[in-house]
Every structure is written in C-alpha cells, then in structure tokens.
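> for reference, the sequence and a predicted model appear below.
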Amino acid sequence: MICKKVSLSAIWILLLSTNILAQSDSIPVQDMQWQTFNTYKDVDYNQTLRPQFHFSSLKNWINDPNGMVYYNGEYHLYFQHNPVGIKWGNMTWGHAVSADMVHWKQLPHAILPYGKSTIFSGSAVVDEQNVLGKQVGKTKTIVAIYTAWGNGQSGAYSTDKGRSFLLLNNGGPIVKPTGINKGERDPSIFWHEASKKWIMVLWIKRAAKEGSAADKMGKVRIFTSHNLTDWTMASDFDREWVYECMNLIELPVDGNKKNKKWVVFDAGFHYEIGDFDGKTLTTDSIKLQGDFGKNYYAAQTFNNSPDGRKVLIGWMNGSNGAHEKEGMPFSGQFSFPSKLDLKNTKEGIRLFRWPIKEIEALYTKSYQFKNLHLDKATEKLAPIKAALIDFSIEFEPTDSIKLTLRGLEMSYNKSLGAFAYNSVMIPAPIRENGKVSLRVLIDRSSIELFANEGASVASFFGVPKADELGMSISGNGNTKITSLVVHELKSVWQ
C-alpha cells in the first residue's frame with residue numbers, strides 16, 4: 001500500500017510538471033507529443049551558419065516572436081516553433097529567458113497544440129492585480145493570449161514564472177471568430193493606464209473586394225477588458241496596408257514623457273503615428289516604413305519593461321531554406337534587440353531604432369579613429385580581423401563610397417542620399433551638420449544596417465565570406481571620415 005501511494009503521488013507530480021494535468025477550470029488537452037525539448041540537449045551553437053549574438057533555437061524551425069514580457073528579473077521570449085522539424089508546421093510556443101536580452105537560455109516548449117488547434121502568434125502580460133484570480137503565493141500570473149488556429153483567440157496562464165501554462169476557458173476562444181474563414185489572428189495585449197483597462201489589438205480580415213487578394217485585406221480591431229477574459233469591441237482602425245501581427249505602443253517624443261504619441265505597426269513594419277484614448281486610435285494617416293531590408297517580419301516589443309524602454313525583436317525571415325540546405329539543425333533567427341524612440345525631424349515625427357546598449361558586454365577589442373581621409377581609412381582597418389562585427393562610420397560625403405565588410409559590400413550614393421545593400425536603398429540624406437552615418441552588425445548569417453543614428457534601418461539574411469575577416473573603404477579620397485569605430489564581438493554562447 002505504501003509503495004502504491006508513493007507511485008501515484010509521483011505520477012501526480014509528473015503530470016502537473018508536464019502540463020498534462022490542469023487545474024479545475026482547464027482541460028488537460030495540450031498534446032504532449034510536441035514536448036520534444038529533451039531531444040535538444042545534444043545540440044550546440046557552433047555550426048557554420050549559427051548566429052553568435054542573435055537568438056536562434058537549438059533545433060528546428062522558428063518564426064514570429066511571441067509573448068515578449070519581463071517579470072522578476074527575466075525577459076521572456078516565446079516564439080513560433082515547430083518542435084519536430086526544420087520546416088514550418090505544428091506551431092507551438094517555444095521559450096527562452098534572459099537577464100539582459102542578449103544571453104538567452106532556451107527552456108522546454110511553453111504552450112503546445114491541443115485538439116485541432118495549433119498555437120499561432122500572440123502576446124503575454126503580467127497580471128499584477130490578479131484580475132484572473134489565479135495567482136499562487138507571491139508569484140504573479142503571466143497570461144498569454146494567442147490565436148488557436150481555426151478556433152479564434154484563446155488564452156493560457158502560468159503560475160510558475162512562465163515555465164508552463166494551463167489553458168483558459170478549457171482551451172476555447174475568449175474572442176470568437178468573426179465568421180470570415182480564419183480571418184483574424186495575432187492578438188497583442190497591454191495595460192492602458194489612463195483608462196485602467198486591458199487593451200487587445202487584433203488583425204481582422206475583411207471580405208475580399210472583386211479582383212483583390214483576400215489575405216492581404218484587413219483592419220485593426222480594438223477590444224477592451226477589465227479581467228483579461230471578457231473582451232468588448234471598442235473600435236476599428238481601417239487601413240489598406242495592415243497585415244498580421246499588429247502592435248500598438250506608446251513612446252515619448254524626443255524623450256519628453258509629457259509629450260507622448262502612439263505607434264501602430266504591422267508584421268511588415270509599416271507604421272503610422274497618432275493618439276489613442278483607450279478606445280479609438282487616430283493617426284496622421286501617413287504610412288511609413290520601419291525596416292527597409294528584405295528580412296524583417298512580425299516584430300514585437302516587451303511588455304512590462306523594468307526601465308520603460310520599448311525594445312523590439314523581429315523575425316529575420318526569408319533565408320530561402322539556407323539553413324536546411326547547409327545541414328543546420330535549426331532554421332531561422334531573430335534580430336538583435338533594438339530600442340525604439342520617436343524624434344522630431346524636418347519631415348515630422350519619425351520612429352528611430354538602435355541596438356540596445358547591452359551589446360557592449362560582448363565587445364572584446366575596440367578600435368576608434370577620428371578625422372581620416374578616405375585613402376587612409378583602409379590602411380587603418382587593414383590589421384583588424386574580426387568574425388563578429390559592430391562597425392560604425394560617420395563621414396562628410398563628397399561623392400559615393402563603398403564599404404566592404406567580410407566580403408559584404410554596401411555603398412553610399414550622395415546624389416540619391418541613400419546607402420545600398422543587396423539591391424535595396426536605405427534612405428540616409430546628408431544631415432544638417434553635413435554628415436552621414438552608418439552602423440553595421442554582422443553575424444554568421446545576418447547583417448543589420450542603422451543609418452543616420454537609426455532613422456533608417458535595414459535587416460538582411462547574409463552570409464559573410466568564410467575566409468574573409470577584413471574590412472575596407474574605397475571611393476573619393478577627398479571624403480572626410482570624422483569617426484570610424486570597430487568593435488570585435490564574442491559569442492553569447494561561450
């Protein structure tokens with residue numbers, strides 16, 4: 001009898017720890033065949049295309065970042081994940097945590113498919129006031145709202161600091177579908193202090209117009225809630241450009257906390273700037289572009305940030321199966337975290353983006369040169385050999401110049417007022433001080449460019465030449481380089 005009791009107790013604890021058993025209002029329907037993380041333990045981070053200071057899953061496919069939230073000293077990064085393959089499918093929320101948004105530790109998959117639903121994109125918040133009524137002890141509940149594909153917007157909650165989740169409403173929808181087939185997805189939720197309510201923004205598909213592509217037609221629907229489970233439609237924000245993974249965030253203008261504006265953006269990082277009163281969003285109706293590269297999608301910011309920063313991470317999509325073709329155990333990576341700011345410019349208020357300062361912890365060697373003519377710059381750079389690079393240049397252009405970093409070429413065209421990389425133009429007009437600047441982050445399979453202090457940003461999948469660790473600059477020798485800085489970086493996985 002004693003042995004039998006011990007055995008049953010052990011089984012009970014095991015079921016709880018693996019999410020098979022749920023609390024009284026949850027049905028144990030998460031399918032544990034997708035909890036494959038125990039097969040990841042023998043994979044390392046040293047493959048030829050493995051990012052060394054960007055996050056990637058140890059194994060298998062990833063796409064959209066999800067549920068980005070800070071709690072109790074940890075940044076949580078959940079993400080779209082195929083737990084059994086290197087191609088898209090079987091969508092599950094993978095999970096990683098970090099103390100600094102740079103060094104990540106991947107944990108067992110957090111939310112698993114159940115019934116006929118897979119777990120699509122969504123967001124997460126900390127239930128500070130325990131409105132859900134699920135808090136255990138002093139540990140706050142983390143609540144995730146996501147698209148249960150084919151079943152509307154559903155939710156789950158964690159009472160163990162985001163490690164495991166139990167389903168809300170028996171896994172059923174808390175916001176039901178509109179009736180258009182699979183026509184809404186990717187809920188983004190946040191606390192709106194002024195109205196003392198929770199806000200959800202959701203992409204809603206509209207009925208197709210004749211001759212149009214139905215999947216690309218949508219609008220933003222805004223909901224409010226007092227308890228995270230009962231949601232009331234408040235308004236629609238109707239724009240032709242919106243598509244998937246909507247976000248709505250508030251930022252100070254020029255750092256002035258008394259002058260704030262709201263930014264709404266979609267998966268393609270198109271955005272508009274305006275005002276939000278807790279129910280209705282109004283903007284200047286000027287559509288702008290937040291990333292000019294070919295490989296940036298479905299970005300999201302952290303909820304509950306401890307220092308008020310809005311830090312953005314996006315999926316660097318579009319590698320065209322390069323990881324799979326090269327025999328990598330993983331597919332896909334995320335962008336380096338970047339801070340968002342609104343600044344006044346001659347064109348109006350614009351969104352700026354800049355790598356977070358925590359990157360400085362990765363610097364191993366640094367080189368700084370000032371007031372060089374172009375013909376001397378390559379001479380200064382010649383001794384520097386680096387695999388992972390944070391490169392910055394500021395110059396007074398007299399003509400076009402070309403940068404070559406580890407075999408990757410980018411140029412500046414003065415007449416066009418833009419940098420060019422991989423046939424993409426990145427706007428960078430000459431500033432009032434007569435200068436232009438560019439910062440470049442290079443990892444094993446990515447390159448990110450930040451022009452004019454982050455006024456224009458472009459993200460690309462790109463593989464540096466394996467046998468080329470050097471850097472050079474060419475062009476008109478009269479071009480004056482006012483600042484040239486190179487930082488060698490170490491791997492976050494060491």
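That came through fine.

> where in the chain is pLDDT low?
Applying pLDDT under 70 to the chain flags the ranges 1-29, 179-182, 207-217, 477.

> helices of that one, start to end?
For the chain, applying DSSP state H gives helices covering 2-17, 322-325, 374-381.

> and the shortest one, what's buried?
By neighbour count with 16 or more other CB atoms under 10 Å, helix 322-325 contains the buried residues 323, 324. (C-beta placed from N, C-alpha, C; glycine too.)

> can you give the distance of it from its chain's centre?
22 Å (CA atoms, centre = their mean, to the nearest Å).

> that one packs against which elements?
In terms of contacts (3 or more CB pairs under 8 Å, 6 or more residues apart in numbering; DSSP states H and E), helix 322-325 is packed against strand 330-331.

> what's next to the strand it packs on, contact-wise?
Residues outside strand 330-331 that contact it (CB atoms under 8 Å, 6 or more residues apart in numbering): 43, 47, 50, 56-62, 86-87, 319, 321, 323-324.

> same check on stretch 78-86?
Residues contacting stretch 78-86 (CB under 8 Å, 6+ apart): 34-37, 57, 59-68, 88-96, 109-111, 120-121, 124, 144, 315, 323-324, 328-331, 334.

> show me the contacts for residue 310.
When contacts are counted by CB under 8 Å, 6+ apart, residue 310 touches 249, 251, 301, 302, 339, 340.

> same check, this time on residue 329
Applying CB under 8 Å, 6+ apart, the residues near residue 329 are 43, 47, 58, 59, 60, 86.

> count the residues that sit near the nearest residue to the first one once chain neighbours are set aside.
In space, not counting the residues next to it along the chain, residue 43 is nearest to residue 58; the distance is 4.5 Å by CB to CB, 6 or more residues apart in numbering. With neighbours defined by other CB atoms under 10 Å, the count for residue 58 comes to 18.

> isn't residue 58 up against residue 106?
Yes - the pair formed by residue 58 and residue 106 meets the contact definition of CB atoms under 8 Å, at 5.6 Å.

> shared neighbours of those two, anything?
Residues touching both residue 58 and residue 106 (CB under 8 Å, 6+ apart): residue 40.

> may I see the PyMOL selection of the buried members of the contacts of stretch 78-86?
Buried residues among the contacts of stretch 78-86 (16+ other CB under 10 Å), as a PyMOL selection:
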select buried, resi 34+35+36+37+57+59+60+61+62+63+64+65+66+67+68+90+91+92+93+94+95+96+109+110+111+120+121+124+144+315+323+324+328+329+330+331+334
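
> which of the contacts of stretch 78-86 fall within strands?
Counting by DSSP state E, the contacts of stretch 78-86 place 60-68, 92-96, 109-111, 120-121, 124, 144, 315, 330-331 in strands.

> buried residues, stretch 300-316. List them.
So stretch 300-316, judged by 16+ other CB under 10 Å, has buried residues 300-304, 309-316.

> hmm, which two among those residues are most spread apart?
Across these, no pair lies farther apart than 304 and 316, at 24.8 Å, counting by CB to CB.

> and the protein, what are its domains?
25-355, 363-489 (automatic domain parsing).

> show me how far the first one is from its chain's centre.
Taking the mean C-alpha point of domain 25-355 and that of its whole chain, the gap between them comes to 8 Å (CA atoms, centre = their mean).

> how about the last one?
For domain 363-489, the gap between its own C-alpha mean and the chain's C-alpha mean amounts to 24 Å (CA atoms, centre = their mean).

> what's the end-to-end length of it?
One end of domain 363-489 sits 5 Å from the other (CA to CA, to the nearest Å).

> how many other residues sit next to the closest residue to residue 154 other than its chain neighbours?
Nearest residue to residue 154, sequence neighbours excluded (CB to CB, 6+ apart): residue 148, at 4.0 Å. When counting by other CB under 10 Å, one arrives at 27 neighbours for residue 148.

> for residue 148, give its distance to residue 443.
34 Å (CB to CB, to the nearest Å).

> about what we covered before: name all residues that make contact with the residue nearest to residue 154.
Shown in contact with residue 148 (CB under 8 Å, 6+ apart): 114, 117, 118, 119, 120, 154, 171, 173.

> with residue 70 instead?
Per CB under 8 Å, 6+ apart, neighbours of residue 70: 76, 126, 302, 303, 304, 305, 306.

> quick one: the strands in the stretch 101-250 of the chain?
Secondary structure of the stretch 101-250 of the chain (DSSP state E, counting those that start in this stretch): strands located at 104-111, 119-127, 141-148, 153-158, 166-167, 184-192, 197-205, 218-225, 232-237, 247-253.
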